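Novice: Show me the folded form of this:
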Amino acid sequence: MNGAPRVAVVGGGIAGMAAAVVLAERGIRTTVLERQPWLGGRAGAFPVRLATGETVQMDRGFHAFFRQYYNLRALLRRISPDLDLLEPLDDYPVLGPDGARQSFARLPRLAPWNIVALTRRTPSLTLPALRRVRLRSALSMLAFDARRTYERHDRRSATEYLDSLRFPPAARQLLFDVFAHSFFNPEGAMSAAELLMMFHFYFTGNREGLPFDVARQPFSTGIWEPMRRYAEERGATVRTGAAVRGVRRGAGRWTIDVRGASDAVTADAVVLALDVEGLKRLLPATPFDRGAWAAGVRALQATLPFAVWRLWLDRPTADGRAPFAGTAGFPLLDNISLFHLFEDESRAWAATHRGSVVELHAYAVPDGTAEGHLRRTMLRGLHRLYPETRAARPLDEVYLLRRDCPAFAPGSRAGRPGVGTPHAGIYLAGDFVRMEQPSALMERAAVSGIAAANAILTAEGLPPEPVASIPRSGILPAAAA
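Specialist: Next up, the predicted model:
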């Protein structure tokens with residue numbers, strides 16, 4: 001780059017803002033262009049007016065800030081050095097039919113002792129059942145290797161791999177089915193290698209333990225408004241409501257056209273921090289819609305839809321309920337979040353109305369599922385697990401059905417684009433991007449954004465942002481993968 005460099009970041013979610021913050025801190029003139037009126041992407045929030053008269057913030061659903069999200073948490077420390085914007089949760093039980101409950105609290109932090117302890121507290125993993133488990137398949141969970149695991153397992157589905165374990169159905173449902181669904185992908189359409197990487201990232205390679213933290217405030221006021229101020233104070237320009245309609249090359253720079261704006265943004269480098277469908281929609285309006293790289297982008301897919309249904313109820317939930325609980329064995333209901341137990345805005349609303357704020361999620365909703373059937377089924381699961389809600393009346397509700405989480409189909413690793421591209425000055429960031437470092441969900445978004453910023457910084461001869469990681473391989477040799 002000649003002269004003082006300029007960078008445009010297209011997308012103001014976690015990946016885009018991670019890139020923008022790192023670049024702005026190094027003195028790079030950075031412009032963020034976000035098409036929504038708010039920042040945060042899938043971790044953003046927007047105002048809704050309730051029938052009870054209050055304006056509250058609604059988001060895209062509960063988010064867990066695991067403690068091995070080192071890079072996301074480092075980003076949050078810019079605005080909250082002690083991370084007091086997060087509320088720690090000690091446990092997130094998985095609730096099954098007939099009172100079944102799987103706890104993840106107070107497990108040892110290191111493998112294999114965490115696996116031993118979890119096995120001992122899982123009733124269906126009896127000694128006869130463990131003798132039927134296929135040891136070679138199970139050892140793959142302790143031998144993650146970025147190369148060998150993908151070579152061996154990427155073309156298999158998660159269902160095939162889990163079938164090969166021969167786990168008792170009850171244990172598989174409580175331990176693995178819930179885990180796989182947490183990534184929004186149905187088991188049959190998800191790469192077994194991705195599942196193994198995520199199992200390594202969250203459990204066998206994670207030295208922080210399984211408990212996580214949650215946001216004390218709505219994402220808009222607790223995270224994104226302060227993050228925007230932080231970036232702008234360091235020279236970044238953040239434009240919301242700025243939908244990018246095209247990217248073109250001219251006079252040695254990139255020009256980014258913004259819908260409805262009279263002025264285009266010029267930049268020496270561009271970070272495309274979009275979701276899968278947003279990137280695919282933009283591709284034809286760019287000069288790099290050709291060749292193998294573009295084919296890899298076009299091959300990306302969003303997984304099945306997910307539903308978020310938040311209910312403002314006229315009565316409280318019973319004492320002793322967990323703020324967050326996963327579910328197993330309840331069709332189309334994956335978890336229940338009680339926002340009034342951890343988020344200040346919801347807590348205040350519940351106190352005023354002597355009620356509760358309950359959120360239900362359904363992940364990987366099968367195509368063709370009728371909304372009425374989905375709602376009835378989710379509500380039936382809530383009533384079975386939390387009987388006190390049967391008599392509750394919703395004072396208001398917000399129901400969202402979205403399809404914008406990335407798919408990780410079997411065999412997709414080889415063609416999945418990484419942060420770097422064949423086009424000078426163009427970089428990708430997002431939770432769909434191929435990364436060598438084990439990561440997932442919000443942490444992968446943050447890592448990819450930092451990696452894109454680091455590529456630009458390196459080209460400028462500036463020091464890169466440090467990137468932290470869990471151990472990148474399992475405790476067993478890669479040959480066991």
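Novice: Can you list the buried residues in the helix or strand containing residue 352?
Specialist: Per DSSP states H and E: residue 352 is located in helix 344-353. By neighbour count on 16 or more other CB atoms under 10 Å, the buried set for helix 344-353 is 344, 345, 346, 347, 349, 350, 353. Bear in mind the C-beta positions are built from the backbone N, C-alpha and C, glycine included.
Novice: TSV for those residues, including pLDDT?
Specialist: TSV is the format used below for the buried residues of helix 344-353 (pLDDT from 0 to 100):
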residue	pLDDT
344	97
345	97
346	98
347	98
349	98
350	98
353	98
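Novice: Identify, from the residues you listed, the entry nearest to residue 35.
Specialist: Closest approach to residue 35 among the buried residues of helix 344-353 (CB to CB): residue 345, at 25.5 Å.
Novice: ok, the closest one - contacts?
Specialist: 56, 57, 217, 218 (CB atoms under 8 Å, 6 or more residues apart in numbering).
Novice: What are the contacting residues of the helix or strand bottoming out on mean pLDDT in the chain?
Specialist: Counting by mean pLDDT, DSSP states H and E, the weakest-scoring helix or strand in the chain turns out to be helix 178-181, with a mean of 76. Contacts to helix 178-181, defined as CB under 8 Å, 6+ apart, come from residues 94, 158, 162, 187, 190, 195, 198-199, 202, 326-328, 334, 363-364.
Novice: Stretch 240-247 now?
Specialist: So stretch 240-247 is contacted by 10, 12, 33-39, 254-261, 270, 282, 285-287 (CB under 8 Å, 6+ apart).
Novice: and if we set it to 6 Å?
Specialist: 10, 33, 34, 35, 37, 256, 257, 258, 259, 285, 286 (CB atoms under 6 Å, 6 or more residues apart in numbering).
Novice: That one - what's its average pLDDT?
Specialist: Mean per-residue pLDDT for stretch 240-247: 96.
Novice: Could you check that stretch and say which residues are buried?
Specialist: 242, 243, 244, 247.
Novice: so how far is the first residue of stretch 323-341 from its last?
Specialist: 6 Å (CA to CA, to the nearest Å).
Novice: Pull the distance from that stretch to the chain's centre.
Specialist: In terms of CA atoms, centre = their mean, to the nearest Å, the centre of stretch 323-341 is found 17 Å from the chain centre.
Novice: Now do the same contact list for residue 78.
Specialist: Applying CB under 6 Å, 6+ apart, the residues near residue 78 are residue 230.
Novice: can you map out the helices along the stretch 301-450 of the chain?
Specialist: 344-353, 371-385, 441-459 (DSSP state H, counting those that start in this stretch).
Novice: which stretches of the stretch 151-300 of the chain form helices?
Specialist: 158-165, 169-172, 178-181, 192-199, 219, 225-233, 276-282, 291-299.
Novice: Same check on the stretch 1-150 of the chain?
Specialist: Counting by DSSP H, counting those that start in this stretch, the stretch 1-150 of the chain has helices at residues 14-25, 70-76, 113-120, 127-132, 135-139, 148-153.
Novice: Which residue, other than its chain neighbours, is closest to residue 210?
Specialist: residue 104 (4.4 Å; CB to CB, 6 or more residues apart in numbering).
Novice: Surely the one you found and residue 209 touch.
Specialist: No. At 8.4 Å, residue 104 and residue 209 do not qualify as touching, with contact defined as CB atoms under 6 Å.
Novice: got any ranges where the stretch 1-150 of the chain has weak pLDDT?
Specialist: 1-3 (pLDDT under 70).
Novice: Can you tell me, leaving aside adjacent residues, what's nearest to residue 150?
Specialist: Distance criterion CB to CB, 6+ apart; nearest residue to residue 150, sequence neighbours excluded, is residue 193 at 4.5 Å.
Novice: what's the first-to-last distance across stretch 141-154?
Specialist: By CA to CA, the extent of stretch 141-154 from end to end equals 14 Å.
Novice: can you give me how far it is from the chain middle?
Specialist: 22 Å.
Novice: buried residues in that stretch?
Specialist: Buried, per 16+ other CB under 10 Å, within stretch 141-154: 141, 142, 143, 144, 145, 146, 148, 149, 150, 152, 153, 154.
Novice: can you check stretch 27-34 too?
Specialist: For stretch 27-34, a neighbour-count test (16+ other CB under 10 Å) marks 28, 29, 30, 31, 32, 33, 34 as buried.
Novice: Correct me if wrong: the third one contacts residue 7.
Specialist: Yes. Residue 30 lies in contact with residue 7 (CB under 6 Å); the separation is 4.9 Å.
Novice: what touches both of those two?
Specialist: Shared contacts of residue 30 and residue 7, defined by CB under 6 Å, 6+ apart, are found at residue 23.
Novice: residue ranges for the strands of the stretch 201-350 of the chain, please.
Specialist: 212-215, 237-240, 244-250, 253-258, 265-267, 269-272, 306-313, 324-327, 335-338 (DSSP state E, counting those that start in this stretch).
Novice: Give me the sheet partners of the second one and which way each runs.
Specialist: Within its sheet, and counting by DSSP bridges, strand 237-240 is paired with strand 29-34 (parallel).
Novice: before we move on, back to that, report pLDDT for the residue nearest to residue 150.
Specialist: pLDDT, residue 193: 96.
Novice: How much space separates it from residue 141?
Specialist: 12 Å (CB to CB, to the nearest Å).
Novice: Compare neighbour counts for residue 104 and residue 209 and give me the winner.
Specialist: residue 104 (21 against 18; other CB atoms under 10 Å).
Novice: Got phi/psi on that one?
Specialist: With angles defined as degrees, to the nearest 10, residue 104 sits at phi -120, psi 10.
Novice: Also residue 12?
Specialist: Torsion angles, degrees, to the nearest 10, at residue 12: phi -110, psi 30.
Novice: wouldn't it be in contact with residue 34 here?
Specialist: Yes. Using CB under 6 Å, residue 12 is in contact with residue 34, at 3.1 Å.
Novice: the domain parsing of this protein - what is it?
Specialist: 6-35+241-301+408-459, 43-89+212-217+304-402, 106-206 (automatic domain parsing).
Novice: Near the residue nearest to residue 150, how many other residues are there?
Specialist: Residues near residue 193, counting by other CB under 10 Å: 28.
Novice: Show the contacting residues for it.
Specialist: Counting by CB under 6 Å, 6+ apart, residue 193 has contacts 149, 150, 153, 154.
Novice: The first one and residue 410, how far apart?
Specialist: Going from residue 149 to residue 410 by CB to CB gives 13 Å.
Novice: Please apply the same query to the last one.
Specialist: Counting by CB to CB, the gap from residue 154 to residue 410 is 7 Å.
Novice: what residues are shared contacts of the two?
Specialist: Among the neighbours of residue 154, those also in contact with residue 410 (CB under 6 Å, 6+ apart) are residue 191.
Novice: Wait, residue 407 touches residue 301, no?
Specialist: Yes. Judged on CB under 6 Å, residue 407 makes contact with residue 301 at a distance of 4.2 Å.
Novice: the more surrounded of the two?
Specialist: residue 407 (21 against 15).
Novice: any chance of the contacts of residue 193 in TSV, plus distance to residue 109?
Specialist: Listed next are the contacts of residue 193 as TSV, based on distance: CB to CB, whole Å:
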residue	distance to residue 109
149	22
150	26
153	26
154	29
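Novice: And for the nearest residue to residue 383 once chain neighbours are set aside, the neighbour number?
Specialist: Nearest residue to residue 383 in three dimensions, chain neighbours excluded: residue 390, at 4.7 Å (CB to CB, 6+ apart). Per other CB under 10 Å, the neighbour tally for residue 390 reads 11.
Novice: Perfect, that will be all.
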